[in-house]
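Participant: Next input, structure requested:
(3 chains)
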Amino acid sequence: MSAKDDLRRLAFWADALTEEEATRARKGITERHYPAGSYVCHRGDQLSSWTGVVTGLVKISAISHQGKAMTFAGIGSGGWFGEGSVLKNEKRKYDLVALRDTNLALMNRATFMWLFETSVGFNRYLVHQLNERMGQFIATIEHDRIHDPTARVARNLAWLFNPVLYPNVGKRMEITQEELALLAGLSRQIANKALQTLEEAGLIQVDRGGITATDLGALASYDG
DNA sequence: TCATTAAATTGTT
DNA sequence: AACAATTTAATGA
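Facilitator: Okay, the predicted model is just below:
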């Protein structure tokens, strides 16, 4: 098996690399397991690895200076994040929590920087991802003051279903209502009601242990 | 393959 | 937070 095939198991962007690049990338990555509920890193930690979710679900959240907890994004399998902190070699500005049993791929900084300076395909992927996430952040800021729980759930779902950031995700995502509540910062009961509302509105279909998006655009722009 | 049991998830109060 | 109902997973006959 080639290094690229091996790398593809951990990272979908393996296809953008040459054999040589993939070989080096693979060597710079280690896999690590995080039990459900455990912290991957706290704000202020010096986690100098670019991080990919192989399996599981991770929440990125921060506390605003006003003391309010805020979720930036949920990352499902296939998602990679933290390039900002790695590039600038600075401390994390947010908390990372594994919402369920999770396997992460950690790429050390040296390897990341080498790819960044060497690989055209890698940079193409990075720019693509940064651009997409920029759009997501802007949408987040616009809806920062939304308190309607249904809208918050809709937004979090729209993130999770983002096809650019998480190409592995199809129309259906495996996530329990409890995990979604954790993501949106709501109680499970409220999240349950919100999901029922969204289902009645025809945006999603809820089944046991998973949610199917039927109208992604409407989900992303849902404002109550 | 089927039945029983345990565990997880959901809907409701 | 606690409860009952329902679904899935695991086990063993």
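Participant: going forward, measure contacts between C-alpha atoms and count neighbours the same way
Facilitator: OK.
Participant: Write out the residues of chain A neighbouring DNA strand B.
Facilitator: By the criterion of Cα under 7 Å from any atom of the strand, the positions of chain A lying close to DNA strand B are A:175-178, A:188-189, A:192, A:196, A:206-210.
Participant: Out of these, which sit inside strands?
Facilitator: The strands, defined by DSSP state E, take in A:206-207, A:210 from these.
Participant: got a winner among the residues you listed for most neighbours?
Facilitator: Ranked by neighbour count (other Cα atoms under 10 Å), these have A:V206 at the top, with 17 neighbours.
Participant: Test of understanding: give the bridge partners of A:F81.
Facilitator: On the basis of DSSP bridges, A:F81 is bridged to A:T51.
Participant: Could you measure from it over to A:K171?
Facilitator: 22 Å (Cα to Cα, to the nearest Å).
Participant: So these two - more neighbours on which side?
Facilitator: Comparing A:F81 with A:K171 by other Cα under 10 Å, the one with more neighbours is A:F81, at 18 against 14.
Participant: residues touching the more buried one, list them.
Facilitator: Going by Cα atoms under 8 Å, 6 or more residues apart in numbering, A:F81 touches A:50-52.
Participant: Then A:N108?
Facilitator: Contacts of A:N108 by Cα under 8 Å, 6+ apart are A:28-29, A:48-50.
Participant: Same check on A:A139?
Facilitator: Counting by Cα under 8 Å, 6+ apart, A:A139 has no contacts.
Participant: Would you quantify the distance from it to A:E83?
Facilitator: Using Cα to Cα, we find A:A139 at a distance of 20 Å from A:E83.
Participant: residues near A:Q189, how many?
Facilitator: 12.
Participant: With A:A218 instead?
Facilitator: Count around A:A218 with other Cα under 10 Å applied: 17.
Participant: next one: phi and psi at the spatially most central residue of chain A?
Facilitator: Taking Cα atoms, centre = their mean, the centroid of chain A lies closest to A:I75, which sits 2.0 Å from it. When read as degrees, to the nearest 10, the backbone of A:I75 gives phi -110, psi 120.
Participant: Then A:G185?
Facilitator: phi 70, psi 40.
Participant: Quick check: it touching A:A73?
Facilitator: No - with contact defined as Cα atoms under 8 Å, A:G185 does not count as touching A:A73 (11.5 Å).
Participant: between those two, who's got more neighbours?
Facilitator: A:A73 (21 against 17).
Participant: so what strands line up beside the helix or strand bottoming out on mean pLDDT in chain A?
Facilitator: Here the helix or strand of chain A ranked lowest by mean pLDDT, DSSP states H and E is strand A:69-76, holding a mean of 87. Counting by DSSP bridges, the strands paired with strand A:69-76 are strand A:57-63 (antiparallel).
Participant: List the buried residues in the partner strand.
Facilitator: A:57-62 (16 or more other Cα atoms under 10 Å).
Participant: returning to that earlier point: from the chain's centre, how far out does the least confident helix or strand of chain A sit?
Facilitator: In terms of Cα atoms, centre = their mean, to the nearest Å, the centre of strand A:69-76 is found 7 Å from the chain centre.
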